[in-house]
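S.K.: how would this look folded up:
(one chain, ligands or ions: 1)
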Amino acid sequence: MRKIEDVLYLQTKRKKSNPCNVPLIMELRIRPEQESDIDRIAEITKVAFRQHPYSNHPEHLIVHNLRRDQALVLSLVAEIDGELVGHIAFSEVEISDGSMGWFGLGPLAVVPGEQGKGVGSALVRAGLDRLKEQGANGCVLLGEPGYYHRFGFYNDPDLFLAEESQEHFMALSFSNLRARGVVRYHPAFFRSC
Ligand SMILES: CC(C)(COP(=O)(O)OP(=O)(O)OC[C@H]1O[C@@H](n2cnc3c(N)ncnc32)[C@H](O)[C@@H]1OP(=O)(O)O)[C@@H](O)C(=O)NCCC(=O)NCCS
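M.R.: Sure, this is the predicted structure:
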């Protein structure tokens, strides 16, 4: 049976505490969110997206609305030295051909001071592993191809979003079952309060 958390040891250079740039091993825990994490998750999401070029900054509200609608299928946090530094959300999407078991990845957020150390990648990989274990058929997302290609996401001409450009919309199928059509995210993505 799946353990509650993944513990990874990443080699990193932590600039503040490590002026000599000696590689340090950091312990990163990836685990499901708990109720006591909720405020910190909102804070992480706000601060991570503050500088994002294409964001109107509603991402913390999306997470909140998904949770309130019980549509937050999977919500994982990343913890370094007992401090939450990252979060990833997954929710189910609808596909116009009736395909089931597809999920939307996002929002994904890592606090600026801990970016570039593998935290985001660990959250994505842990989330995808857990979805697969639960029998999911695939995952979609809106994001930077330069980041998400490394996990196997690609532009699938058979899957598209009605509202957005295709360039940033990517999919990853977990099986040979193909899905085709318009993908709809949960309504929580379109409410701004
Ligand atoms: C995107 C984000 C989650 C990545 O988390 P992270 O912990 O910094 O990522 P990792 O350390 O696992 O990966 C770092 C790598 O991703 C690359 N990367 C990070 N953001 C990227 C982006 N927007 N586009 C392309 N590549 C990106 C880095 O250049 C680095 O590349 P390298 O491995 O070749 O050196 C984090 O930067 C973040 O929270 N950004 C603000 C919110 C955001 O953009 N969320 C995603 C929306 S789709």
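
S.K.: contacting residues for the one residue in the chain that gets nearest to the ligand?
M.R.: Here the chain gets closest to the ligand at one residue, residue 120, 2.3 Å apart by C-beta to the nearest ligand atom. Glycine gets a C-beta too; all of them are placed from N, C-alpha and C. With contact set as C-beta atoms under 8 Å, 6 or more residues apart in numbering, residue 120 has these partners: 86, 108, 110, 147.

S.K.: wait, isn't the first one in contact with residue 77?
M.R.: Yes. When contacts are counted by C-beta atoms under 8 Å, residue 86 is listed as touching residue 77 (6.8 Å).

S.K.: on that earlier part again, quick one: the residue of the chain closest to the ligand is in a helix?
M.R.: Yes. Looking at residue 120 with DSSP: H, G, I helix; E, B strand; the rest coil, it is inside a helix.

S.K.: ok, so what distance separates it from residue 75?
M.R.: Note on residue 120: its distance to residue 75, by C-beta to C-beta, to the nearest Å, is 15 Å.

S.K.: Which is the succeeding secondary structure element to the helix or strand bottoming out on mean pLDDT in the chain?
M.R.: Scoring the helices and strands of the chain by mean pLDDT, DSSP states H and E places strand 6-12 at the bottom, with a mean of 75. Downstream of strand 6-12, the first helix or strand assigned by DSSP states H and E is strand 24-32.

S.K.: Mind exporting the C-alpha coordinates of the helix or strand just after that next one to CSV?
M.R.: Using DSSP H and E, the next helix or strand after strand 24-32 towards the C-terminus is helix 38-49. What follows is helix 38-49, C-alpha atoms only, in CSV (Å, rounded to 0.1, in the frame of the first residue of the first chain):
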residue,chain,number,x,y,z
ILE,A,38,-4.4,25.4,4.4
ASP,A,39,-3.3,29.0,5.2
ARG,A,40,0.3,28.3,4.4
ILE,A,41,-0.7,26.8,1.0
ALA,A,42,-2.6,30.0,0.1
GLU,A,43,0.5,32.1,1.1
ILE,A,44,2.9,29.9,-0.9
THR,A,45,0.6,30.2,-4.0
LYS,A,46,0.2,33.9,-3.7
VAL,A,47,3.9,34.6,-3.3
ALA,A,48,5.0,32.2,-6.1
PHE,A,49,2.5,33.6,-8.6
